[in-house]
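the following block contains a protein sequence and its predicted model.
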2 protein chains.
Amino acid sequence: MTHALRNGKATQQQTKAHNDSLVLSTIYEVDEISRAAIARRTALSRTSVGEAVAELLERGLVEEIGRGRPSLGKPPILLRFSSEARHLIGVDLSGAEFRGAVVNLRGEVRHELSLPRDGRSGGDALDLVYTLLDRLVAEAEAPLLGLGVGTPGLIDFRSGSPVHWAVNLDWVDVPLRDLLELRYGLPVHVLNDTAAAAMGEYFFGARHATGNLVVIKSEEGLGAGVVLEGRLLHGDHFGAGEIGHLAFTTEGRQCHCGNTGCIETVASASAILRAARAAALADPQSGLHNAARGNLPIDMDDVLAAYEAGDRGIRQVVVEASRALGLAIATVVCTLNVQDVVIAGRVTRLGGALLDIVRHEVLARSLAALARNTRIEFSPISSHITALGAAAVLLHQELAIWPLRRSSTRAHHDGVPDA
Amino acid sequence: MTHALRNGKATQQQTKAHNDSLVLSTIYEVDEISRAAIARRTALSRTSVGEAVAELLERGLVEEIGRGRPSLGKPPILLRFSSEARHLIGVDLSGAEFRGAVVNLRGEVRHELSLPRDGRSGGDALDLVYTLLDRLVAEAEAPLLGLGVGTPGLIDFRSGSPVHWAVNLDWVDVPLRDLLELRYGLPVHVLNDTAAAAMGEYFFGARHATGNLVVIKSEEGLGAGVVLEGRLLHGDHFGAGEIGHLAFTTEGRQCHCGNTGCIETVASASAILRAARAAALADPQSGLHNAARGNLPIDMDDVLAAYEAGDRGIRQVVVEASRALGLAIATVVCTLNVQDVVIAGRVTRLGGALLDIVRHEVLARSLAALARNTRIEFSPISSHITALGAAAVLLHQELAIWPLRRSSTRAHHDGVPDA
């Protein structure tokens, strides 16, 4: 039984849309492919494939690139996905800078831009978004498919409006999607920044074995983006993946959410930098003591250098943060049992120092049979992951392209229960 | 985009199967309904509905029960689901007793049986399963649709074999489904007992607002059964919902899994009884002191009575367990953000004493915006939940019946992103 049943009958239009999508996703998947090969891969009829391809050629999304080697008879015409046929804009509003990129349909960055937020919120922050998007739109060298926005907060993905908790930006109930659609006349999708990061990794990151993936992003806050069977998990109130606010101790630090001891008060990149500064200030032996005293910037590379130099206070900060991150991942392992867990955000600058402790902690904190089968890695696209993911949402929503490599392209006929 | 796409093209047979399923699920949903009303509800053509109904009548799953009131013209023939057309057997192998029930297609218990396990494991435990099933099969008063089995451990739901961690039963790699199919010549489905409990609540428990549901079962161990969009979440290694083994403290009690501080070492029903016994033994003032000293049985009702009598040691045990259970639920809230969380198992005997602390702890341990929108209740079918759920799997797998009331029966045409 597939998902279609629960949403009602499968209409002919839906069937055609599914099959067209399958054809485009199949072409997207490979470098070049013939119509016959598509038919073999998808089990669609040659007629259906031919019709779908004709439409894609007309829309410019696919091009014919000459003839391949024949197996029998006439050499087949090869098709290729036109990566530059449209451009996408993805923006990341979760950091101290608003970042955005113009990318092609393969997620290759064609232009990028960052604008410091400088504490702007409300209407001022919105104006900065407009400035960022105005400039990015002007840089696009192909027709734009739309705009994708990853923003902090609980986001109603249907209305594209932060419904709660966009605490830094003060955007509760701002109809962000509508405002942007009105201004730019383009399709707009707005989603939580961590959910966007998960889409970024799923579409453009490392290859993962299954359709399930969790991305843990540690930046200003800490959260998880959850992809199950190729779909983002939103949660009944748009709060799936808010594991940064799991309070693992009730005696910990005060969190801006109102509770104490939330994981992100220890394991977010900003919490690490705050704690490192405090530790350096308290310890005249620390290599970062003067920087802390002089109120100079301390970044993650400084923390790593101090850690590697054996700075005791800094070591403790890194160990505590890594253990809390490990607990966050143990939570995901025990709840979702997703094989691929990817860490993203500035915290990845800590490298092996962090990763070793995280992996050890996950083993100590969750069922060993599951922990041993969980791969915990850093994202290869860490710095752009949220903007890329916001762009990937457009691929999915506007073109119905799907990373087929992560799952079967065949129908389930083998009696596997999907209960 | 629906799930069908990711599994490949929608074939005509699949479309027909979906639509037949939708018709049966629609009839299952209501007391009585006409063919025309089915067509209106499902948006299927009258022809498709007529064909599906003819087949269901022939199979005896649906019956005609006379004519209803006409809106215009001839009064329509009303159809009713035949609840007794088949019987189902569900068994629960997770407790100190192996329990089983013969139920009708509505989950109404027609016969039940419990056999004490008395510490049996391996082949002896398997023989006890045979004894249980032999007797239940003999009691069925309608053709059996199949056998459903809820068992502890990580279960490969495809092969129906415990792959790991069926620690009490010592059944690693026992091909349980194959053995039972061979012996009884009936379809058999084997799944984790907590996953079964989630199916039980989803099909036969309280009505829930969405297609998402988490059942937390606290018995010998503690685990979560997770239903997302009407489907059980299994996990990449069949370990989704193993939150009992999240180690919330590394200084806690030793768990049989090898780690220390697992939630179930404090919050499982058996952990509560063990701790209550120890507390009573240590405190001569305790009302349970003599029972503990005399090594007499202490059950959850005894613990509740002592709690209500103000027994200090017992109060502490209950508070600690309730807080740990609250943390388990906070984990689910922060990871999945599922609105309905249902507690099942013997722990529910503690009633309001437990539930108040659990709810308070969830608020303190997770994002308030999510916690406030989470309903935490006891299951109304707590004692039978696992056996009923094992039976429900047959409804789903063998008849493709689906609790439509929990989700829309209409196709998604409203542009809602399902990313």
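Noted; the coordinates are in hand.

the longest helix seen in chain A to helix B:312-336, inter-axis angle?
When chain A is parsed with DSSP state H, its longest helix is helix A:312-336. For helix A:312-336 against helix B:312-336, the angle by axes from the mean of the first three to the mean of the last three CA atoms, to 10 degrees is 80 degrees.

excluding chain neighbours, what is closest to A:Ala309?
A:Gly287 (5.7 Å; CB to CB, 6 or more residues apart in numbering or on different chains). (C-beta placed from N, C-alpha, C; glycine too.)

what separates the longest helix of chain A from the chain centre, distance-wise?
Relative to the centre of its chain, helix A:312-336 is centred 21 Å away, using CA atoms, centre = their mean, to the nearest Å.

now that helix: buried residues?
A:313-315, A:317-318, A:320-336 (16 or more other CB atoms under 10 Å in any protein chain shown).

ok, that helix near chain B or not?
Yes. Helix A:312-336 reaches chain B (CB under 8 Å from any CB of the partner chain) through A:330-336.

now do the phi/psi pair for the residue of the stretch 301-419 of chain A found nearest chain B.
Closest contact between the stretch 301-419 of chain A and chain B, by CB to the nearest CB, is at A:Asn337 (2.7 Å). A:Asn337 adopts backbone torsions of phi 50, psi 60, taken as degrees, to the nearest 10.

helix B:12-29 and the helix or strand containing A:Tyr28, what's the angle between them?
Assessed by DSSP states H and E, A:Tyr28 sits inside helix A:12-29. With the same axes, to 10 degrees applied, the angle from helix A:12-29 to helix B:12-29 works out at 130 degrees.

tell me if helix A:12-29 is near chain B.
Yes. Judged by CB under 8 Å from any CB, helix A:12-29 and chain B are in contact via A:14-15, A:17-19, A:21-22, A:25.

quick one: buried residues of that helix?
Buried, per 16+ other CB under 10 Å, within helix A:12-29: A:14-15, A:17-29.

not counting the host helix or strand of A:Ala306 itself, show me its contacts.
For A:Ala306, the element it lies in under DSSP H and E is helix A:300-308. With contact meaning CB atoms under 8 Å, 6 or more residues apart in numbering or on different chains, helix A:300-308 is reached by A:269, A:272-273, A:276, A:280, A:286-288, A:291, A:314-315, A:317-318, A:346-347, A:349-351, A:353.

so what does the strand or helix carrying A:Glu51 touch, helix or strand wise?
Assigned by DSSP H and E, A:Glu51 belongs to helix A:46-58. Judged by 3 or more CB pairs under 8 Å, 6 or more residues apart in numbering or on different chains; DSSP states H and E, helix A:46-58 is in contact with helix A:12-29, helix A:35-42, strand A:62-67.

out of those, which comes closest to B:Glu63?
Shortest distance between B:Glu63 and the helices and strands packed on helix A:46-58, using CB to CB, is found for helix A:12-29: 32.2 Å.

so the closest one versus strand A:62-67, what angle?
Interaxial angle of helix A:12-29 relative to strand A:62-67 (the same axes, to 10 degrees): 50 degrees.

so what does helix A:12-29 touch, helix or strand wise?
For helix A:12-29, the packing partners by 3+ CB pairs under 8 Å, 6+ apart are helix A:35-42, helix A:46-58, strand A:77-81, helix B:3-6.

list the contacts for the residue nearest to the spatial centre of chain A?
Nearest to the mean C-alpha position of chain A, by CA atoms, centre = their mean, lies A:Ala197 at 1.7 Å. By CB under 8 Å, 6+ apart, the contact list for A:Ala197 reads A:150, A:215, A:217, A:225, A:344, A:379, A:385-386, A:389.

which of those fall in helices?
Using DSSP H, the contacts of A:Ala197 in helices are A:385-386, A:389.

quick check: nearest residue in space to the residue in the stretch 151-300 of chain A that chain B sits nearest to, chain neighbours excluded?
With CB to the nearest CB, the shortest gap between the stretch 151-300 of chain A and chain B falls at A:Gly235, namely 2.7 Å. Excluding the flanking residues, the one nearest A:Gly235 by CB to CB, 6+ apart is B:Asn337, at 2.7 Å.

so where is the stretch 1-150 of chain A shaky, pLDDT-wise?
A:1-12 (pLDDT under 70).

try 50 this time
By pLDDT under 50, the low-scoring segments of the stretch 1-150 of chain A are A:1-7.

and the residue lying farthest from the centre of chain A, how far from A:Ala36?
In chain A, the residue that sits farthest from the middle, by CA atoms, centre = their mean, is A:Gly73; the gap is 45.3 Å. Plainly put, A:Gly73 is 11 Å away from A:Ala36 if you go by CB to CB, to the nearest Å.

if we can go back for a sec, from what I see, the residue nearest to A:Gly235 and A:Ile243 are in contact.
No. In this structure, B:Asn337 is not within contact of A:Ile243 by CB atoms under 8 Å, at 10.4 Å.
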